[in-house]
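Engineer: sequence first, predicted model second:
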Amino acid sequence: MLAGGVRKRSLRIAGHATSISLEPAFWQALGELARRRGMSVPALVAAIDGRRSGNLSSAIRLFVLASARRGELGGGEAVEGGTSWPISSI
């Protein structure tokens with residue numbers, strides 16, 4: 001299991017405030033994907049929100065997973081038990 005637990009953040013999307021709970025690795029990946037697309041995290045979350053069916057946090061995780069499978073994420077690291085591991089080795 002990845003260390004760090006779930007982090008809750010408040011964002012304003014589609015004109016309303018919402019709280020999203022994600023693990024730190026997903027927040028990091030989401031930030032990287034937003035930067036690569038030249039947009040803010042709230043703008044990217046709004047785009048994900050507009051296409052989702054179901055829970056927003058789950059939709060974000062699935063978006064990040066699909067992006068990683070397409071090779072859109074750099075050589076980030078995941079943290080497990082206090083040890084950093086290159087994502088490619090997990």
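Structural biologist: Received the coordinates, thanks.

Engineer: for the protein, what are the low-confidence residue spans?
Structural biologist: Where the chain drops to pLDDT under 70, the residues are 1-4, 75-90.

Engineer: quick one: the strands in it?
Structural biologist: Applying DSSP state E to the chain gives strands spanning 7-13, 16-22, 77-80, 83-86.

Engineer: how about the helices of this protein, start to end?
Structural biologist: Counting by DSSP state H, the chain has these helices, from start to end: 24-37, 41-51, 56-69.

Engineer: out of those helices, which gets nearest to G15?
Structural biologist: Nearest to G15, of all those, is helix 41-51, at 9.4 Å by CB to CB. For every residue, glycine as well, the C-beta is placed using N, CA and C.

Engineer: and that closest one, which residues are buried?
Structural biologist: Going by neighbour count (16 or more other CB atoms under 10 Å), the buried part of helix 41-51 is 41-42, 44-46, 48-49.

Engineer: which one of the helices of the chain lies closest to G5?
Structural biologist: The closest of the helices of the chain to G5 is helix 24-37. By CB to CB, the value is 8.0 Å.

Engineer: quick one: buried residues of that closest one?
Structural biologist: 25-30, 32-34.

Engineer: format the residues you listed as a markdown table; extra columns: distance to K8.
Structural biologist: As requested, those are arranged in a markdown table below (distance: CB to CB, whole Å):
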| residue | distance to K8 |
| --- | --- |
| A25 | 15 |
| F26 | 12 |
| W27 | 10 |
| Q28 | 15 |
| A29 | 17 |
| L30 | 14 |
| E32 | 20 |
| L33 | 20 |
| A34 | 18 |
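
Engineer: with that, I have no additional questions.
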